[in-house]
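J.: Output the structure for:
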Amino acid sequence: MKDEMSSMRCNDVWDHVELPNDAKVIGCKWVFKTKKDSLGNTERYKAKLVAKGFTQKKGIDYTETFSPVSKKDSLHIILTLVAYFDLELQQMDVKTAFLNEELEEEVYMKQPEGFPSSDGEKLVCKLKKSIYGLKQASRQWYLKFHNIIYSFGFVENVMDQYIYLKVNRSKVYFLVLYVDDILLATNDNDLLHG
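T.: Residues are numbered from 1 along each chain as shown. The predicted structure follows:
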């Protein structure tokens, strides 16, 4: 839990404020998981702070929601290309994906249980960035990812906007986005092993 709160502070996710009279506050909760290795041994324990986004109201504290998920058929085509052209394949999980993008809406959240503000327990968290559980979190992450990856010369696929391609001379790069997981396929061994 301390690691998660440290991550929230490092990413400047919220400010403690008094709840405005006309605003509503959403709750939050702690979700705990045990990460195991391939043999079933406990590797580590994880705690994640999750907003109770199911209490959000469309048009008030979110406008649009979706999760960036590539199509199954697109993934099959990429894996076929990997096998046929003997491309390198890497999977990446973006640890704090949802903490990277500013919110467009004003969202107020109760303080996390066990971590009251030194400024007072009556204050609420005015979210500056999205966190897991918010209805717009996946959308905000996708918008940030798209803008950054586009700046590196990647273009999105016409048939599946969550597949990106970059060709640089003889080097080819495919990125497949599945919420906050990224699959990278490339013939550039230096990129993966450098």
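
J.: end-to-end on stretch 8-18?
T.: When the termini of stretch 8-18 are compared using CA to CA, to the nearest Å, they are 19 Å apart.

J.: Pull the distance from the top helix by length along the chain to the chain's centre.
T.: Taking DSSP state H as the criterion, the chain has its longest helix at helix 137-151. Distance, stretch centre to chain centre, for helix 137-151: 9 Å (CA atoms, centre = their mean, to the nearest Å).

J.: Same check on stretch 68-77?
T.: Worked out by CA atoms, centre = their mean, stretch 68-77 lies 18 Å from the chain centre.

J.: So for it, what gets flagged as buried?
T.: In terms of neighbour count (16 or more other CB atoms under 10 Å), stretch 68-77 has its buried residues at Pro68, Val69, Ser70, Ser74, Leu75, Ile77. All C-beta spots, glycine's among them, are computed from the backbone N, C-alpha and C.

J.: And stretch 106-119, by the same measure?
T.: By 16+ other CB under 10 Å, the buried positions in stretch 106-119 come out as Val107, Tyr108, Met109, Lys110, Gln111, Pro112, Ser117.

J.: Okay, the first one and Asp61: tell me how far apart.
T.: Yep, that's Val107 we're talking about. 5 Å (CB to CB, to the nearest Å).

J.: rewinding a little: mind listing residues that contact the longest helix of the chain?
T.: 51, 53, 64-68, 94, 97-98, 100-104, 129-131, 156, 164, 175, 177, 179-180 (CB atoms under 8 Å, 6 or more residues apart in numbering).

J.: Thank you kindly, that will do.
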